[in-house]
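Asks: Below are the sequence and a predicted model for it; my questions follow.
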Amino acid sequence: MTRITKFSPMFTTITSLPACLLACLIWFACSAAPSFAQTPRPPAFLAEHYDVTATLDPVAQSLSAVAKVEFKAQEVSGGVRVELHPNLDVRDVKSADGKSLSFERDSGNTLFLTVLLPSSVSTGTKVTLTFTYAGLLANEDNSPIPGVKTAVISKEGAYLLLPSRWFPLTNYPSNRYTGTFRLNVPDSFAVAGTGKASAPSPMPGKNPAEGGRLLYTFQCDNAAPNGTFVAGELQLSPEQAEGVNVSVYAPRSALGKPSDFAADVARAYTMFSDMFGPLSNADVSIAQLPDGTLRDFAAPGLLLLSKRIWDPKGADRTIARLVASQWWGIAVIPATPGDVWISDGLARYSEALYAEQNAGREAGLKAVDEFAVGALMGEDAAPVAQAARLAPYSSDYRSVVMNKGAMIFHMLRAQMGDPAFKALLHDFYAKYNGKTTTIDDFVNLAQQRVEASGKPGDAVPQLRGFFAQWLNSTGVPDFAIEYVVYRTKQGFRVVGKVKQPLDTFSMPVEIRIETEGNPETKVVDVVGTESSFTVETFGRPKPGGIKIDPNNVVLKGSNSLRARAAIARGEELAEQGRYYDAIGQYQRALSIQPNRPLANFRMGEAFFYQKNYQAAANAFREDLQTVPEPSEKWTEVWSHIYLGKIFDLLGQRERAVNEYSKAKQTNDDTGNAQQVAESFLKKPYSEGAVSAAVPGGVSGAPAQAPTAAPADNRPVLKRRPDSP
């Protein structure tokens, strides 16, 4: 037989303990740790019902409140421990009989406050306490989520997100409770929030200069993580779509029709109801959240989108994820901070399920591709099952829990098959609706479902090993392949090895061989660092025609994905104004994949806003020297625009006009580029000029709508609303 040899390229918290006596308090002070560092022990008391009245003072940027809380003892204890925003000073805590009780902030972690009861109570005993407290909520100082504004009160509006712990919580994020919330706000504000709202009642102001006020009351009869509100000059637009009642709250000047937002919400709601099972309540509110805080947030019956992504077309996948959170994170709640994969990871993967069903298989795979890039941004920060080590909503949290978490669900779907996987999600919701659940609960149910769906005589996949390697370890495989092609009487035989660096890796991986006839596929059990395979083909294999995991089922590394992940990290840093650090990430991307157009473009952009115009021009020229991938073709027109800006700033008008003219000649209107170029042809660019948003996103997807640059001329590095 004749031998043809070919080598393809390498594909490349604190522990929550009861506080009974003074000795317990001393022990707390000595052993405190950051609240997200460990999986906390279940608290001695859980809050079951709230009656909260809060007054918002936009001038003083402060909140004053009285919270009457009903607790239930989970064990014998003499102390009630709650979580309350460190900026809120407790003035008094009274028992049910009106007596003031002793209380103390934890000196090691001021998020926690312990109230000493007159005597220990037995398990199951109910205790009612009334907290009176007040404080400033003006910025991210002392925020329970480091570096994130989770509660702010200002003249422009206010938001009180549940993670801020603006009222006394227990066992966040796993507790559920009923309640009544009353918010006293200026009469120029409207309030959207969790629960059923009644018509606001007029209230007198403190003085004539302050003006009138309104009291909004929200009744939360369903036990859930209630207590998120946004207030401001919002206009209510009640809509109905596909039988779903959607209340849209946004300023009058907001872009996008309320009916379009309602249609997005209803489409996702109907789709997930069919897929997972119906929710108990079909009423949903969607409200605009001011910029400067989280880009989006989900609460019971409430979806919040920040102003910068308030776009019914561009944010439809984000809206779908927030809708999915009504199932995963609200109806089904993770038992501990270490179990959040089953809520945040599954809600993120629901974006792909939505995209696939709404726009076809390719749209779903595009979403999965974004998850993979997002996962590689910080995959090594912690194993998924150790999410309690990560600060919620941080870049590493999004990478590990949301994006890698979504990829694990995608890989599980491939392992189980579509019917069994979707049946698993339906069963999981049916079993744990209204309850808390753990990763182990999901793993056990997945194994039961795959065993029940198997045909007699077929080998049943053992999923526990799959979960063990993907949930409890860091690292992703970088596949390489080497092979030899032999000619046989029947055709050709390909004999080779799949290599990857993870010694503990074990997973079936598909190999596809492109031939001069029909392609051949084979599933190889890749175990350890090296696995052999043999494939018989009728047609001659094409040069470089052997691909590992051609359908991108497995989360894996490659030069392209790792470069994109570095660019994405750079974009994230640049959005924070950390241009020096961003440039380091772009340089890292170029070291992985030299001459990547998007990396050069983003580096030029960062240099531009550092006012290092020569370095910026060099980077934009490098971008223009390289033939880009189709998804990054838009960098050409914008490189010319930026070069034109540079020459205008340097007083070289003729050269600037030449660059703007070249931008016009591309006929590329990504991010409204043609209008921008035309405007600078008429009038030279100057510092502080308002220009359209530069498109962005780890995949180079264009922005859905132009956005004005900030007054300080910092870049508007707008990524896809749905990017990680």
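Replies: Arrived safely. Residues are numbered from 1 along each chain as shown.
Asks: now this protein, which segments are flagged as low pLDDT?
Replies: Regions of the chain meeting the criterion pLDDT under 70 cover residues 1-41, 688-724.
Asks: Tell me which residue is most central in it.
Replies: Arg398 (5.2 Å; C-alpha atoms, centre = their mean).
Asks: Got the phi and psi for it?
Replies: Main-chain torsions, Arg398, degrees, to the nearest 10: phi -60, psi -40.
Asks: now do Ala73
Replies: Dihedral angles (degrees, to the nearest 10) for Ala73: phi -70, psi 130.
Asks: pretty sure it is in contact with Arg81, am I right?
Replies: No. If you go by C-beta atoms under 8 Å, Ala73 and Arg81 don't touch, sitting 11.8 Å apart. To be clear about C-beta, it is placed using only N, CA and C from the backbone, and glycine gets the same treatment.
Asks: where do the contact lists of the two overlap?
Replies: Counting by C-beta atoms under 8 Å, 6 or more residues apart in numbering, the residues touching both Ala73 and Arg81 are 44-45.
Asks: so where do the helices sit in the stretch 1-150 of the chain?
Replies: Per DSSP state H, counting those that start in this stretch, the stretch 1-150 of the chain carries helices over the ranges 22-31.
Asks: ranges for the strands of it?
Replies: 3-6, 45-57, 62-73, 77-83, 89-94, 103-105, 112-121, 126-136 (DSSP state E, counting those that start in this stretch).
Asks: The residue nearest to the centre of the chain contacts Val373, correct?
Replies: No. Between Arg398 and Val373 there is no contact under C-beta under 8 Å: 11.7 Å.
Asks: what about Ser591, helix or strand, and which?
Replies: Ser591 belongs to helix 579-592 when assigned by DSSP states H and E.
Asks: Which parts of that helix count as buried, going by neighbours?
Replies: 579, 582-586, 588-590, 592 (16 or more other C-beta atoms under 10 Å).
Asks: How about stretch 108-116?
Replies: By neighbour count on 16+ other C-beta under 10 Å, the buried set for stretch 108-116 is 109, 111-116.
Asks: next one: stretch 157-175
Replies: Residues of stretch 157-175 classed as buried under the neighbour-count rule (16+ other C-beta under 10 Å) are 157-175.
Asks: separation between Ile641 and Asp648?
Replies: Distance of Ile641 to Asp648, given as C-beta to C-beta, to the nearest Å: 11 Å.
Asks: From the neighbour counts alone, determine which of the two ranks first.
Replies: A direct count of neighbours by other C-beta atoms under 10 Å for Ile641 and Asp648 places Ile641 higher, at 27 against 22.
Asks: dump the residue contacts of that one.
Replies: Going by C-beta under 8 Å, 6+ apart, Ile641 touches 659-660, 663, 673, 676-677, 680.
Asks: Out of those residues, which is nearest to Phe607?
Replies: Glu659 (16.3 Å; C-beta to C-beta).
Asks: right, and Val420 touches Arg449 too?
Replies: One thing to correct before we go on: residue 420 is Ala, not Val. Yes. Assessed by C-beta under 8 Å, Ala420 is found in contact with Arg449 at 5.6 Å.
Asks: if we can go back for a sec, switch the contacts of Ile641 over to JSON lines; also include secondary structure, distance to Asn358 and neighbour count.
Replies: Output for the contacts of Ile641, formatted as JSON lines (DSSP: H, G, I helix; E, B strand; the rest coil; distance: C-beta to C-beta, whole Å; neighbours: other C-beta atoms under 10 Å):
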{"residue": "Glu659", "secondary structure": "helix", "distance to Asn358": "40", "neighbour count": "23"}
{"residue": "Tyr660", "secondary structure": "helix", "distance to Asn358": "39", "neighbour count": "25"}
{"residue": "Ala663", "secondary structure": "helix", "distance to Asn358": "34", "neighbour count": "26"}
{"residue": "Ala673", "secondary structure": "helix", "distance to Asn358": "28", "neighbour count": "25"}
{"residue": "Val676", "secondary structure": "helix", "distance to Asn358": "32", "neighbour count": "24"}
{"residue": "Ala677", "secondary structure": "helix", "distance to Asn358": "34", "neighbour count": "24"}
{"residue": "Phe680", "secondary structure": "helix", "distance to Asn358": "38", "neighbour count": "22"}
